[in-house]
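A.B. asks: got a predicted model here, sequence first, then my questions.
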Amino acid sequence: MRLASAFLIGLIFGLGIVISGMVNPAKVVNFFDVAGTWDPSLIFVMGGALVTTFIGYRLVLSQDKPLYAARFQLPTASDIDRRLVFGSAVFGIGWGIAGFCPGGAIPALGTGRIDVFVFMLAMIAGILAARFFLARQGGAGQTTQTGRAPV
């Protein structure tokens, strides 16, 4: 049942990404092009995601435990450090240049377009490179802990 639930949630998310147009890199790039061909429609997509997340977290975290796990596994770190700022900046720059983020690119694989596959390969290479360099520096540990966060 856990696998079926994950599949259904992923399917709904992917359909939302497709319907919103976030699989179209030109639409995303135009959203970031405020001085040129600005397309503000993705503000509504992001606003809808924020509202859904806000309500969803309140509902889910009011439960004692998840449906298909023994306990919640939530991040406990709340520090804004150099790694967080640098990683966010790299993500945003990459999203603005390529027009893809992982959430939009994975459903876009179904289009069969080569640029989506190139993006995914570059993203995987970047993840592996980051893990390699973090492991060499001795900082590859995760900053999450199993537990229940306050609502």
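C.D. replies: Yep, it's here.
A.B. asks: chain neighbours aside, what residue packs nearest to the residue nearest to the spatial centre of the chain?
C.D. replies: Nearest residue to the geometric centre of the chain (Cα atoms, centre = their mean): Gly103, 5.2 Å. Excluding the flanking residues, the one nearest Gly103 by Cβ to Cβ, 6 or more residues apart in numbering is Ile17, at 6.0 Å. Backbone N, C-alpha and C define where each C-beta goes, glycine included.
A.B. asks: OK, contacts around the one you found?
C.D. replies: Val23, Gly103, Gly104, Pro107 (Cβ atoms under 8 Å, 6 or more residues apart in numbering).
A.B. asks: can you rerun that using 6 Å?
C.D. replies: Residues counted as contacts of Ile17 (Cβ atoms under 6 Å, 6 or more residues apart in numbering) are Val23, Gly104, Pro107.
A.B. asks: any idea how far the second one is from Gly94?
C.D. replies: Here the distance between Gly104 and Gly94 works out to 12 Å (Cβ to Cβ, to the nearest Å).
A.B. asks: so these two - more neighbours on which side?
C.D. replies: Comparing Gly104 with Gly94 by other Cβ atoms under 10 Å, the one with more neighbours is Gly104, at 24 against 16.
A.B. asks: okay, the more buried one: pLDDT?
C.D. replies: Note on Gly104: pLDDT of 87.
A.B. asks: for Pro107, same thing?
C.D. replies: 89.
A.B. asks: pretty sure it sits in a helix.
C.D. replies: Yes: residue state for Pro107 (DSSP: H, G, I helix; E, B strand; the rest coil) corresponds to a helix.
A.B. asks: what about the closest residue in space to it that isn't next to it in sequence, neighbour count?
C.D. replies: Of all residues not flanking Pro107 in the chain, Gly14 sits nearest, at 4.0 Å (Cβ to Cβ, 6+ apart). By other Cβ under 10 Å, the residues close to Gly14 number 18.
A.B. asks: surely Gly14 is in contact with Ala108?
C.D. replies: No: counting by Cβ atoms under 6 Å, Gly14 sits too far from Ala108 to count as a contact (9.4 Å).
A.B. asks: re the thing from before, after the host helix or strand of the residue nearest to the centre of the chain, heading C-terminal, what element do we hit next?
C.D. replies: Under the criterion of DSSP states H and E, Gly103 resides in helix 102-108. Moving toward the C-terminus from helix 102-108, the first helix or strand encountered (DSSP H and E) is helix 114-137.
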